[in-house]
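A.B. asks: Kindly generate the corresponding structure for this input.
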Amino acid sequence: KNLKSIEALKNTTRLISSIVIVALVASMLVGASHGNLNATKKFFDGDYIVLNATHHCYEEIIKSENAKEVSRVYQSTASYENGYLTLVTSTSNIDAFGDHIKISELPKGNEAVISKTDARSLNLNLGDELKVKLEGKSVTLVVKEIVETGTTAVIIDSESLGISPNMLLVEAEEGKERELLSEITLLSSNELSTVISAQDLRNDKIESNTSILRCANMLLCIIMLYSVIGILNNLYESYRSRKEELALYHYAGISNAKIAKMIISELLVVLLMGVFVGLLGTLLCALSIDKSLAQLNCELISYLKYLF
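C.D. replies: Below you'll find the model as predicted:
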């Protein structure tokens, strides 16, 4: 009977540890995806974007009393030699980037500031050459700085490479958002440019990923629900298989209170052991997954810091 009890408790420990690993690893993957989306949303700091703006439009918006910052920005997608895609961007104003992107100086000439994700994936260090396919041609860059961005990104000096900015990033003075929007909308209509809010552009870029994450969240909740049901069912089966053993304790003169205390102590030990083994397994799995994702130009652990 004791051997059966020990076996039942061992099975419960294995089940708890497995559930902890699955639940935590799944939560980390979902959390890292949310963190990546949050970092993408905050990549640039601005209220409105003017697409295909002319130099005249740029000069006129600068004069506006309602505009706090106006930055000429180039943004597109480039591919590496291994086929992976990355965001390529350039700006005339270092303050246009979000607060989480700490760049000491904007790149010049063929210099590039790259994300830690890209550097890790491509095994790049400062001074190394980086080749990307941009605007239909191969461009060779030199890594000047490696920074945390929360996403894949390469920051370049587009004008030195013969690539013109394709948008204006405009930040309004506090409380002047509506006035600025009316002003730049009127101005851009004469220039055949398009004005959109920065938030709308961010939402368009991440809409498909957001839908996937909603499904992942629902799947995670279902996994957690079935996990709890599985643990309770396993504990019930364990108790039922030990009925005769517990009856022997009762006939031996052990009080119900002591028997209950013994069962609760066993469950606590099983729970703690299961959680400990699960946490250890989660750590090993997370490190392994993070290393594997690096080969796919993605990360797990570093993206979690942008979750909140």
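A.B. asks: list the helices and strands the helix or strand that S18 is a member of packs on?
C.D. replies: Using DSSP states H and E, S18 sits in helix 2-41. Packing contacts for helix 2-41, counted by 3 or more Cβ pairs under 8 Å, 6 or more residues apart in numbering; DSSP states H and E, involve helix 198-241, helix 243-251, helix 256-294. Just so you know, the C-beta spots here come from the backbone N, C-alpha and C atoms, and that holds for glycine as well.
A.B. asks: Distance to H100 added to these, as a markdown table?
C.D. replies: A markdown table is the format used below for those (distance: least, Cβ to Cβ, whole Å):
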| stretch | distance to H100 |
| --- | --- |
| helix 198-241 | 15 |
| helix 243-251 | 57 |
| helix 256-294 | 20 |
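A.B. asks: Give me the neighbour count for N297.
C.D. replies: Using other Cβ atoms under 10 Å, N297 has 19 neighbouring residues.
A.B. asks: That one: what secondary structure?
C.D. replies: coil (DSSP: H, G, I helix; E, B strand; the rest coil).
A.B. asks: quick one: which of the helices and strands packed on helix 2-41 is nearest V132?
C.D. replies: Set against V132 and scored by Cβ to Cβ, the helices and strands packed on helix 2-41 come closest in helix 256-294, at 18.4 Å.
A.B. asks: which parts of the closest one are buried?
C.D. replies: 266, 270, 273-274, 277-278, 281-282, 285-286, 289-290, 293-294 (16 or more other Cβ atoms under 10 Å).
A.B. asks: who touches stretch 292-305?
C.D. replies: Contact with stretch 292-305 is made by 28-29, 31-33, 35-36, 39, 80, 84-86, 116-118, 120-122, 148, 150, 152, 286-287, 289-290, as judged by Cβ atoms under 8 Å, 6 or more residues apart in numbering.
A.B. asks: And the closest residue to N36 other than its chain neighbours, what's its pLDDT?
C.D. replies: Nearest residue to N36, sequence neighbours excluded (Cβ to Cβ, 6 or more residues apart in numbering): Y303, at 4.8 Å. pLDDT, Y303: 82.
A.B. asks: Y303 - how many residues pack around it?
C.D. replies: Around Y303 there are 25 other residues, counting by other Cβ under 10 Å.
A.B. asks: cool, the one 4 residues further on as well?
C.D. replies: By other Cβ under 10 Å, the residues close to L307 number 17.
A.B. asks: With adjacent residues omitted, what lies nearest to it?
C.D. replies: That would be G35: by Cβ to Cβ, 6+ apart, it lies 4.3 Å from L307.
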